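Undergrad: give me a 3D structure for the following:
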Amino acid sequence: MKNVIDPFISLSYWPSAGGFGSNTNILETNIINPSVVLSVLIYFGKGVCASYNLLSLSNLLDNRKQKILNTIRNSEELCKGAIDQLEKARARLREVEMIGDKIRVNGDSQVEREKGDLINVASNNLEQLEDPKNETVYSEQQRAIDQIRQQVSRQALRRTIGTLNSRFKIELHLRTINQNIGLFRTMMNTPD
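TA: The predicted structure is shown next:
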């Protein structure tokens with residue numbers, strides 16, 4: 001047992017080689033083991049190969065060749081079908097892109113039309129709102145002018161009364177009042 005383990009143990013003690021070289025010793029190169037295995041395979045393999053004659057081997061190869069050719073043909077047909085489908089899909093994509101472009105152009109023009117319509121409606125609404133507003137402003141101006149006129153006339157009347165009161169004496173007032181009463185009586189007594 002020790003003789004079997006010694007070569008493995010000695011492997012760990014070997015220093016690493018610096019390069020390649022040739023070894024001519026047959027026992028160290030271990031050519032014997034592969035030659036024995038190869039000769040056993042040849043000896044026992046003769047019976048296996050002898051049971052198949054040359055004709056059955058060619059039939060086997062022909063069958064395999066036909067299967068491979070059929071597989072290649074099927075693959076080529078599938079490839080052609082896939083290429084046809086790809087071309088159809090590309091054509092459909094082009095059609096869809098053209099339809100999409102038309103829709104986009106129509107949508108843009110529709111948006112512009114609707115935008116113009118909305119602007120027109122908004123300006124019409126604004127004009128309609130401006131008319132009552134202008135009328136309201138005009139009526140408010142007229143009301144303010146009337147109020148100012150009334151206030152000015154009241155103030156003028158007050159000033160006039162104040163001026164008259166300060167300039168006329170009471171006697172003059174009484175005389176003016178009596179004269180006005182006399183005129184009024186004559187107006188009442190005169191037949192029409």
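
Undergrad: check which element follows the strand or helix carrying Tyr138 along the chain.
TA: For Tyr138, the host element (DSSP states H and E) is helix 54-167. Counting by DSSP H and E, the next helix or strand C-terminal to helix 54-167 is helix 170-189.

Undergrad: could you list the low-pLDDT ranges of the chain?
TA: 1-24, 26-29, 45-55, 57, 164-169, 191-192 (pLDDT under 70).

Undergrad: which residues touch Ile42?
TA: With contact set as Cβ atoms under 8 Å, 6 or more residues apart in numbering, Ile42 has no partners. (Glycine included, C-beta is placed from N, CA and C.)

Undergrad: host element of it?
TA: Ile42 belongs to helix 32-51, assigned by DSSP H and E.

Undergrad: any idea how far the spatially most central residue of the chain lies from Met98?
TA: By Cα atoms, centre = their mean, the chain has its centre lying nearest to Arg104, at 14.5 Å. To Met98, Arg104 is 11 Å away according to Cβ to Cβ, to the nearest Å.

Undergrad: likewise Gly107?
TA: Taking Cβ to Cβ, one finds Gly107 at 15 Å from Met98.

Undergrad: cool, and Asp84?
TA: Distance from Asp84 to Met98, by Cβ to Cβ: 21 Å.

Undergrad: same check, this time on Ile177
TA: Separation of Ile177 from Met98 (Cβ to Cβ) stands at 104 Å.

Undergrad: now swap in Tyr43 and tell me
TA: 77 Å.

Undergrad: do Arg113 as well
TA: Applying Cβ to Cβ to Arg113 and Met98 gives a distance of 22 Å.

Undergrad: for Ser58, same thing?
TA: 59 Å.

Undergrad: cool, and Arg149?
TA: Here Arg149 is placed at a distance of 76 Å from Met98 (Cβ to Cβ).

Undergrad: also Val37?
TA: 73 Å.
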